[in-house]
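> Turn this into a model:
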Amino acid sequence: MRLDRSRFAAALIAAGCAAATGPALAASDADTDTAAVIQELKRRIEALERQLATPPAAPASAPAAGPAPAVAAAAPAAPVAAVNGNGGDFKLAWGGYVKADAIVSRYSDAPVAQSLGRDAYIPNSVPVMADAVENARTYTDLHAKETRLYLRGSGLMYGHKVAINAEFDFISGQLGQGIGGAPNEAVTNAYNPAFRLGYIDFDNFRIGQDWTTLQNLVALPDIVDLINWPGEGTVFGRQAMIRYTWGPLAVALENTESTVAAFGGNSFTVTDDNTLPDLVWRYTLKTTRWGDYTLSGAVRQISDRGTIGGSNDTALGYGLSFAGKVPLWGQDDLRFTFSGGDGFGRYLALNTVGDAIVDARGKLQTVEIYNGFVAWRHPWNDQWRSNLALSAFHANTGQAASGSMFGSAVSRNVRSITLNLLYSPIPKITFGAEYRYARRDTVGDLSGDLSRLQFSARYNF
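Predicted coordinates:
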């Protein structure tokens, strides 16, 4: 501690005066030893130095409330500490990946315009033709639109667990961009960011847009394609929800929509007529030895109030999904999802066949759908790995055997096989090569196939 020079000088003068006027230096004591006087003076100076260097103790008579003003002044710091974690900080992080793709696609039956179906595998984008004329087309597409960005944060606030997530990419919302509503590849190849996910976690609640509770993200195959798993065999959906998780059980109210086709129609349209949210649940079982599994289901309202074909009706939709990741030998694993239901089409196979169709009486007839995939992942070593995936979809259109209810182009069966080779020379970079063959059959006994070779380079940051 540094001494105040002015206080020290004053103390030194006071000590000198006290020594000069004290009994030891009285004028009448002519025989006083000069050395003793100097020693006494030095002792008093050292005592004063120690006194100045030591903070004064509070008087014993001071009331207990004396220090209260200082404590009160520091009180506003408590909320700041709580906001920053109340023992642990709330941390924000941004990241994502940059991904470039080169895709060569051969369609057996007809040309396909530049669209999301050329950038990723969409089952209904495989064209079918009624005639037997050879009309195959081959396209080469290069893009980096799958590039993705996110902002995430987690921590404690006032004793509550809080997390946020906001995620965007440049491919999900590409439709409608460019001149005339077509993707703009003529000049700039510019694509607007598309909102993917955005939610808040508060203790056991998740509020916002996330992957539907039906999905098991652990079961996703290690696939090069944007969808990241076989499109016709999966559960797929991102939407707004309120989800509560209690241990292994999650229950959610999710945004509701109905996809309905007119009598004899080939496409399913969103009616936007629902009044009740979809009730979705998921139970998760995790084991050290036998793998991770989920059983999930949904009960929902299908509604059309005159939007499609003059119908004014509601129906009940429901479905189940069982998914998992099973460890095999070494580092190999098997990933799968099997799903099915009635009036459940919006959640399966990217809405390949929707929820219901309007019959001849103007009533909604829900459609039974079943789909699934199995994917085997095999690491060759720490840098190389391969994946083989088999996927299938079936819509029960038996009630339309005469073709009087469904349009002839509505999908009845879709299946695909996918094989890839992935190379990660360092942990954050992956190069991939993937081959996919897919075939689509329709209610009108039409069929078409797709052969696709895809190369990719991806850097995670």
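> And the host helix or strand of residue 316, what's buried?
Per DSSP states H and E: residue 316 is located in strand 312-327. By neighbour count with 16 or more other CB atoms under 10 Å, strand 312-327 contains the buried residues 313-315, 317, 319, 321-325. All C-beta atoms are positioned from the backbone trio N, CA, C, and that covers glycine.
> same for the host helix or strand of residue 166, what does it pack against?
According to DSSP H and E, residue 166 maps onto strand 160-169. Here strand 160-169 touches strand 148-157, strand 194-202, going by 3 or more CB pairs under 8 Å, 6 or more residues apart in numbering; DSSP states H and E.
> Would you mind measuring from residue 154 to residue 39?
69 Å (CB to CB, to the nearest Å).
> the bottom helix or strand of this protein by mean pLDDT?
One helix or strand of the chain scores below all others by mean pLDDT, DSSP states H and E: helix 68-74, with a mean of 31.
> Of all the residues in stretch 447-456, which ones are buried?
Those would be 447-450, 452, 454, 456, for stretch 447-456 by 16+ other CB under 10 Å.
> which one of these sits closest to residue 146?
residue 456 (8.4 Å; CB to CB).
> How many residues are close by residue 292?
18 (other CB atoms under 10 Å).
> Going forward, count from 821.
In the new count, where the first residue is 821, that last one comes out as residue 1112.
> For it, give me phi and psi.
Residue 1112 adopts backbone torsions of phi -110, psi 140, taken as degrees, to the nearest 10.
> so what's it up against?
1036, 1038-1039, 1104-1106, 1144-1145 (CB atoms under 8 Å, 6 or more residues apart in numbering).
> and what of residue 1261?
Residue 1261 neighbours (CB under 8 Å, 6+ apart): 948, 1231-1234, 1267.
> In strands, which of the residues you listed appear?
1231-1234, 1267 (DSSP state E).
> Which of the residues you listed are buried? Put it as a ChimeraX command.
Selecting the buried subset of the ones in strands among the contacts of residue 1261 in ChimeraX, with 16+ other CB under 10 Å as the burial test, is done by:
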select :1231,1232,1233,1234,1267
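> Name the nearest of the ones in strands among the contacts of residue 1261 relative to residue 1281.
For the ones in strands among the contacts of residue 1261, the nearest to residue 1281 is residue 1234 (35.5 Å; CB to CB).
> isn't the closest one right next to residue 1190, touching?
No. When contacts are counted by CB atoms under 8 Å, residue 1234 is not listed as touching residue 1190 (11.6 Å).
> domain assignment for the protein?
For the chain, the structural domains run 825-880, 914-1280, going by automatic domain parsing.
> returning to that earlier point: give the intersection of the neighbour lists for residue 1234 and residue 1190.
The contact sets of residue 1234 and residue 1190 overlap at residue 1213 (CB under 8 Å, 6+ apart).
> Is it possible to get TSV of the ones in strands among the contacts of residue 1261 that adds distance to residue 1257?
Shown next, in TSV, are these (distance: CB to CB, whole Å):
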residue	distance to residue 1257
1231	17
1232	18
1233	14
1234	12
1267	13
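> In CSV: the ones in strands among the contacts of residue 1261, plus pLDDT.
Converted to CSV, those look like this (pLDDT from 0 to 100):
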residue, pLDDT
1231, 94
1232, 94
1233, 96
1234, 97
1267, 92
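> coming back round to it: tell me which of the buried residues of strand 1132-1147 is nearest to residue 1027?
Nearest member of those to residue 1027, counting by CB to CB, is residue 1141, at 23.1 Å.
> pLDDT score assigned to the closest one?
The model reports residue 1141 with a pLDDT of 98.
> Likewise for residue 940?
89.
> Now for it, how many residues are close by?
Residue 940, neighbours per other CB under 10 Å, totals 22.
> which secondary structure element contains the nearest residue to residue 1050 once chain neighbours are set aside?
With CB to CB, 6 or more residues apart in numbering as the criterion, residue 1050 has its nearest non-adjacent residue at 3.1 Å, and that residue is residue 1211. Using DSSP H and E, residue 1211 falls within strand 1204-1216.
> what helices or strands is that strand leaning on?
In terms of contacts (3+ CB pairs under 8 Å, 6+ apart), strand 1204-1216 is packed against strand 1188-1199, strand 1231-1246.
> Show me which of residue 974 and residue 859 is the more surrounded one.
Set side by side, residue 974 and residue 859 show more neighbours around residue 974, with 16 against 12, by other CB under 10 Å.
> list the contacts for the residue nearest to residue 1164 when sequence neighbours are not counted?
Excluding its sequence neighbours, the residue lying closest to residue 1164 (CB to CB, 6+ apart) is residue 1139, at 3.3 Å. Taking CB under 8 Å, 6+ apart, we find residue 1139 in contact with 1117-1118, 1159-1164, 1167-1168, 1189.
> Quick check: bridge partners of residue 1139?
residue 1118, residue 1161 (DSSP bridges).
> Please determine how far residue 1094 is located from residue 1021.
Residue 1094 is 26 Å from residue 1021, by CB to CB.
> returning to what we had before: export the helices and strands packed on strand 1204-1216 as TSV, with columns for distance to residue 1111.
Listed next are these as TSV, based on distance: least, CB to CB, whole Å:
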stretch	distance to residue 1111
strand 1188-1199	12
strand 1231-1246	21
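> hey, which of these is tucked in deepest?
strand 1188-1199 (a mean of 21; mean count of other CB atoms under 10 Å).
> strands paired with that strand, and their directions?
strand 1153-1162 (antiparallel), strand 1204-1216 (antiparallel).
> Throw those into CSV and include mean pLDDT, thanks.
Below are the strands paired with strand 1188-1199 laid out as CSV (pLDDT from 0 to 100):
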stretch, mean pLDDT
strand 1153-1162, 97
strand 1204-1216, 96
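> quick one, which of these is nearest to residue 1259?
Between those, strand 1204-1216 lies closest to residue 1259; by CB to CB that is 10.2 Å.
> Could you check how far that closest one is from the centre of its chain?
From the chain centre to the centre of strand 1204-1216 is a distance of 23 Å (CA atoms, centre = their mean, to the nearest Å).
> likewise stretch 1021-1036?
9 Å.
> Now stretch 1033-1049: buried residues?
In stretch 1033-1049, counting by 16+ other CB under 10 Å, buried: 1033-1036, 1039-1046, 1048-1049.
> and which of those is nearest residue 1071?
residue 1033 (7.8 Å).
> ok, the closest one touching residue 1072?
Yes. Using CB under 8 Å, residue 1033 is in contact with residue 1072, at 4.4 Å.
> Give me the below-cutoff pLDDT ranges for this structure.
For the chain, the stretches with pLDDT under 70 are 821-858, 861-862, 865, 867-908, 951-954, 994-1010, 1047-1049, 1218-1224.
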